[in-house]
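Asks: Quick one, fold the following:
(one chain, ligands or ions: 1)
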Amino acid sequence: MSANISGKVVVVTGASSGLGEATARHLAAQGARLVLAARRVDRLEALVAEITAAGGQAIAVRTDVTVKADADAMIAAAVQAFGRVDVLVNNAGYMAIAPMSARLTDEWDKMIDINIKGLLYGVAAALPVFEAQGSGQFINISSIAGRKVFSPGGTVYSGTKFAVHAISEGLRHEVGSKVRVTVISPGGANTELKHGSSDADSLKALDAFYEIAIGPDAIARAVAYAVEQPADVDVSEIAVRPTAQDF
Ligand code: NDP
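Replies: Numbering: from 1, shown residues only. So this is what the prediction gives:
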């Protein structure tokens, strides 16, 4: 249990796998009350059952972050269940690595819709609640590829993650007197993310890149660090990568 995490209401998008799932599990163990959001509701419900069996509190809300009404309903469900929202972890994401010349424009659209618009809809849904409370925290999951262009292959993905940095910085500047804004940049972590592209050669190259990947719990601990700081401390940025990662 962590005194500054216990009792906090934390909404995690993309909680059905990978970093979101690990973050939800870790924060629940520290006493947070969890709202788990994603499209695969069976996986969310399994995690709710696991958290409640361990004595924690969690609910599942089927959410497609690219649908604005879903993001609004996710935050409304959190308020209805727990009376407030302390943290929104904007974690849902999609990565489709491929060279620009492959022109996989449907996958470009999907990355833009999930990684940028999905995050913005989360911000739009939670911000009025945070402003009314006079407190709140956005934790936006970017990437090392949001600090350096992951090329060849990751150009559009990097574009979406650079956007996460820009939006987070502007948001902190605009609402930061009461609302904390944290951007976390993971390096290679072992999740389902690497399977997103339809380009066979890129998938093969990624498999090699991910041989040194770290466990998703490493990112969960970084999220917990940002959440557990006192209200007047805004951990604005964290980068966490495998020791052996040269990118
Ligand atoms: P996963 O593929 O394991 O998880 C992605 C999650 O996002 C799933 O829970 C998925 O749930 C959810 N998601 C995808 N699309 C939507 C949508 N439209 N609406 C709601 N939820 C959605 O990958 P990770 O855990 O690795 O990814 C989490 C975040 O971390 C992403 O933002 C990613 O870019 C970032 N990241 C990951 C790194 C890594 O190496 N793993 C490195 C750097 C950053 P569902 O399909 O059930 O909706």
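Asks: Show residues contacting the longest helix along the chain.
Replies: When the chain is parsed with DSSP state H, its longest helix is helix 155-175. Residues outside helix 155-175 that contact it (CB atoms under 8 Å, 6 or more residues apart in numbering): 95-97, 100, 107-108, 111-112, 115-116, 119-120, 123, 127, 130-131, 138, 140-143, 145-151, 179-183, 185, 234, 236. In this view, the C-beta of every residue, glycine as well, is placed from N, C-alpha and C.
Asks: Within reach of the ligand, which of the residues you listed are there?
Replies: Filtering the contacts of helix 155-175 for proximity to the ligand by CB under 6 Å from any ligand atom leaves 95, 141, 143.
Asks: could I get the following helix or strand past the longest helix of the chain in CSV with only the CA atoms?
Replies: The helix or strand immediately downstream of helix 155-175 is strand 179-186, counting by DSSP states H and E. The C-alpha coordinates for strand 179-186 follow below in CSV (Å, rounded to 0.1, in the frame of the first residue of the first chain):
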residue,chain,number,x,y,z
VAL,A,179,-3.9,19.7,-12.7
ARG,A,180,-0.8,17.6,-12.9
VAL,A,181,0.3,16.4,-16.4
THR,A,182,2.9,13.6,-16.7
VAL,A,183,4.2,12.2,-19.9
ILE,A,184,5.9,8.8,-19.7
SER,A,185,8.1,7.5,-22.6
PRO,A,186,8.7,3.8,-22.5
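Asks: Residue 230: what secondary structure?
Replies: Three-state call for residue 230 (DSSP: H, G, I helix; E, B strand; the rest coil): coil.
Asks: one step back: now do the longest helix of the chain: distance to the chain's middle.
Replies: Helix 155-175 has its C-alpha centroid displaced from the chain centroid by 13 Å (CA atoms, centre = their mean, to the nearest Å).
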